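Asks: Got a predicted structure here, sequence first:
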Amino acid sequence: MSTPVVVAVAPGSPAALAGLEPGDEVLALNGEVPRDVIQWRVLADEADVELEVRRGGLTFAVEVAKRDGEPLGAEVQSALFDQVRTCDNHCEFCFIYQLPPGLRQSLYLKDDDYRLSFLYGNFTTLTRFTEIDLERVLLDGLSPLHVSIHATDHAVRNRMLRNRRGGPSLRWLRALLDHGVEVHGQVVVCPGVNGGHVLDDTLAGVLDELPELATLCVVPLGVSRYNHEPAMREHTLGEAIAVVDVVERWQQVFLAVLGRRLVFAADEYYLLAGRPFPEAEAYEGFPMHEDGVGMARTFELEFLGQVESPTGPQSGFFAWVDGAPAEGYRAPRNPAGETGLRSGRAAPVAVQLRPSRSAPVAILTGTYGASVLEPLVATLGRSDVRVVAVENRFFGGNTGVAGLLVGDDLARVLGDEPESHRYLLPDVCLSEGRFLDGRRPDDLPRPVEVVPTDGIALRKALER
């Protein structure tokens, strides 16, 4: 078990006034050794916290005078201090198996940790869940959680997870629901495996066995060019249309029986099927926005000025591997220069926008994002704004989301673009200032302006 290391301290905070510094190892808070940032937050919220600190090989006590519930003002280096609960499934559709070699090591770690499900919205299969874990969830109020279901038929789920505990582990999902834990589910549809009649059976099983689920998102299988599973393939047009039809048919069933739609198809399915996105009301408040359900519709509302604030932050893929949340449990961690924290690490170099504000604008995005943005940009009636769809050759396959854009592909595209233009880049493809391939915006051949991934931010960036 490792100890939490302080990486940033807010100026003027109780931690700063008590003398806590970046680089300090915190061995205990009020006599307890925290195992994760959840327990850290509970202990740190208490009044007058006493920390046992190790600095430069010396151990000493730091007494922090603060009110109950007042933020401590210190950020630590990771979300988990004990061992990450790794995944013991061997799903043939797992995207971790489809990563290219040579990326930073943390990206190859397969987690199946319910704490990361709570903190970051990661999906857990519950195959390693235990009675002790259930007790922790209930005692600490770790809700909502996110669970990968894939199929309610035990034999199908066993096959998909390649784990004989796959089907039986759904009993933990039933236990969580019985104790009032909010759970959001996911079904990754693999053509020929759990689509078609199996998807129908799964949604029937949800109605019969798991009607308390908060939501269920149905998402398409992602296939990269590094996929080595012959059974895993992209959807055909007919299969994508069939999934949308099944989901919309079951929405009406759930609406009639439960008074809510419960199940939603990911935006990708509507793009693949060539169908218009549902109206905003059909998403019932966009509860699975960060899982790719309703993003296109919310972006449209934001871009057209029909809502006053973004639906929610986009933390990007693999966000959890780069650190603990900055404020609260689900907030993305921001660079020190944006949070006001005093960090022991060098702050990221700010990207300078060299072209003038009146220069022509190119919006960089993935191929799926371009399908959403192009009709919205057309409503502006501006000839000086265009959308540049960046093909993802790094991952290949059907990878088309903006969150998986990497520096290598952006550099290839920008190398052929004029220097005099402004280039807007969505921040969802960055984690701690880096792309998944390790490059940074400063490595690109053209200066880029990193913009929050929402329609309001993009509209403001386009204003002169």
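Replies: Perfect, thanks for sending it. In this text the structure is predicted, and so the values were computed from the model without any measurement.
Asks: And the helices in this protein?
Replies: For the chain, the helices defined by DSSP state H cover 14-17, 37-44, 114-120, 131-140, 154-161, 170-178, 196-209, 237-258, 267-273, 295-303, 336-339, 367-378, 407-414, 455-462.
Asks: Go through these and pick out the most buried.
Replies: Comparing those by mean neighbour count (mean count of other Cβ atoms under 10 Å), helix 114-120 ranks first with a mean of 24. All C-beta spots, glycine's among them, are computed from the backbone N, C-alpha and C.
Asks: before we move on, back to that, comparing the helices of the chain by mean pLDDT, which bottoms out?
Replies: The weakest mean pLDDT among those belongs to helix 336-339, with a mean of 35.
Asks: re the thing from before, want to throw the helices of the chain into CSV with distance to Phe286?
Replies: Listed next are those as CSV, based on distance: least, Cβ to Cβ, whole Å:
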stretch, distance to Phe286
helix 14-17, 36
helix 37-44, 26
helix 114-120, 18
helix 131-140, 25
helix 154-161, 28
helix 170-178, 22
helix 196-209, 20
helix 237-258, 15
helix 267-273, 11
helix 295-303, 6
helix 336-339, 25
helix 367-378, 15
helix 407-414, 29
helix 455-462, 13
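Asks: so which of those comes closest to Val26?
Replies: Val26 lies closest to helix 37-44 among those, at 8.1 Å (Cβ to Cβ).
Asks: just checking, what packs against that closest one?
Replies: In this structure, helix 37-44 packs against strand 25-29, strand 74-76, helix 114-120, helix 131-140, with contacts taken as 3 or more Cβ pairs under 8 Å, 6 or more residues apart in numbering; DSSP states H and E.
Asks: and of those, who's closest to Glu308?
Replies: helix 114-120 (26.5 Å).
Asks: Of the helices of the chain, which is nearest Arg55?
Replies: Of all the helices of the chain, it is helix 14-17 that lies closest to Arg55, at 13.6 Å by Cβ to Cβ.
Asks: Identify the residue spatially nearest to Ala370, adjacent ones excluded.
Replies: Of all residues not flanking Ala370 in the chain, Ala389 sits nearest, at 3.6 Å (Cβ to Cβ, 6 or more residues apart in numbering).
Asks: so which of the helices of the chain comes closest to Val64?
Replies: Minimum separation from Val64 across those (Cβ to Cβ) falls at helix 14-17, 4.9 Å.
Asks: just checking, what packs against that closest one?
Replies: Judged by 3+ Cβ pairs under 8 Å, 6+ apart, the packing partners of helix 14-17 are strand 6-9, strand 58-64.
Asks: State the paired neighbours of the shortest one in the sheet, together with their directions.
Replies: It refers to strand 6-9. Applying DSSP bridges, strand 6-9 is found paired with strand 74-76 (antiparallel), strand 342-343 (antiparallel).
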